[in-house]
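*Asks:* structure for this input, please:
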Amino acid sequence: MSITDSYQISLLNPENTITSGASLAKTLYAFPVDILLSGDLGTGKTTLLRGFAKALSIEDSIVSPTFALEQRYETPYGEMAHIDLYRLTTLQARDLLHASEEHCAIRCIEWPQRLDLPLPECFPQSIAITLEEEGDGRLLSVDFRDIPFPSDDEIATWRHECMVPSGVAKHCDAVAAFIQNVIIPSMKTQHRIVRPQMLRAAAMTHDLLRFLDFKNQAFAITHTEEQEQRWAQLRESYDGLSHESACERFLSERGFATLGRVVGTHGLALPSHERVTIEQKILFYADKRVKMDSVVSLDERFADFRARYDEGKASEESARWYEEAKELEKELFPHGCP
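*Replies:* Just a heads-up that it's a prediction; the model follows:
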């Protein structure tokens, strides 16, 4: 698989590196996965893995397995192998890696260049991390090759096929812009790893089938007879589903099931959706910060919800959802919301 996403963060100290490692554990989707760690001696590869392991509830102390060559740990996703190829010849490195191919949900491989192989081709489901000197700190670069996401052209085609109203398309684009211009820069200052292109695709598709919930005057949108006919066809295909669940299935049907998992949890529901990954949380939050195509506060957004759905009154459900959004805001932006 070719590179599907990339990201860079500047790290000033080991604490930043540990934070980045911990954040990596919150953007795991596909297993088994190989995490390739490249960089000169002392650039922080093992330090990064300490943060990663702690976030995976590994209580053992993570040390470089340079002499032991391999250490294994249990994680919520299955077994994790930590492998160091630094002292091995090419043949030894390949033999060691071959022996660990089965039964590992996660393989963290330091010095993968010892394999003397084209890494993208040999590790089709991987996350490649490089740490290098940058002034007094480090530059962390991540290339995600583990999951696909659609191009802008594909998304444009889907919008045409689904006859998405222009107002809904503008809302999706505004959510994508808010994530790109505001949230991702904040994540970088916090030294947290996220997937920018996945988030862009999720934002641009999260309301692709919004018409499924056009059931009252709150959704009074001018549309054509052609749109109504097309929406009637799609309603039959996704009968009984909310627009969030329908979008998740729509994306899965087109080969983007992982993206569908991100999109499927962006709505307000009771019981609330379980959002595990950072991308799920960011999409949910960003959607609640954009009213139509304008960025507003959570207070303004939920006042708008009450006006449209609850005749301006605060229902038990809306109060619960508001608190849910506020708690997530604190989690994402502990030093103040953007």
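*Asks:* pLDDT below threshold where in the chain?
*Replies:* Applying pLDDT under 70 to the chain picks out residues 1-3, 64-68, 215-221, 309-314.
*Asks:* give me the element the residue nearest the centre of it is part of.
*Replies:* The residue lying closest to the centre of the chain (CA atoms, centre = their mean) is Glu279, at 3.1 Å. Assigned by DSSP states H and E, Glu279 belongs to helix 278-288.
*Asks:* any chance you could list what contacts that helix?
*Replies:* For helix 278-288, contacts defined as CB atoms under 8 Å, 6 or more residues apart in numbering pick out 23, 26-27, 175, 178-179, 183, 187, 192-195, 198-199, 202-203, 206, 261-263, 265-266, 273, 275, 298, 301-302, 325, 328-329, 331-332. Every residue, glycine included, has its C-beta placed from N, CA and C.
*Asks:* in helices, which of these fall?
*Replies:* Mapping the contacts of helix 278-288 onto helices (DSSP state H) picks out 23, 175, 178, 187, 198-199, 202-203, 261-263, 298, 301-302, 325, 328-329, 331-332.
*Asks:* which of those residues are buried?
*Replies:* 23, 175, 178, 187, 198-199, 202-203, 261-263, 298, 301-302, 325, 328-329, 332 (16 or more other CB atoms under 10 Å).
*Asks:* how many neighbours does the residue nearest to Leu37 when sequence neighbours are not counted have?
*Replies:* Computed as CB to CB, 6 or more residues apart in numbering, the closest residue to Leu37 that is not its neighbour in sequence is Lys45, at 4.3 Å. Counted by other CB atoms under 10 Å, the residues lying close to Lys45 total 24.
*Asks:* which parts of the chain are strands?
*Replies:* Ranges of strands within the chain are 5-11, 33-38, 70-75, 78-84, 106-110, 126-134, 137-144, 290-291, 294-295, based on DSSP state E.
*Asks:* Pro150: which of those strands is closest?
*Replies:* In terms of CB to CB, the element of the strands of the chain nearest to Pro150 is strand 5-11, at 12.5 Å.
*Asks:* on that earlier part again, mind checking how far the nearest residue to the residue nearest to the centre of the chain once chain neighbours are set aside is from Ser6?
*Replies:* Nearest residue to Glu279 in three dimensions, chain neighbours excluded: Val262, at 5.0 Å (CB to CB, 6+ apart). Separation of Val262 from Ser6 (CB to CB, to the nearest Å): 18 Å.
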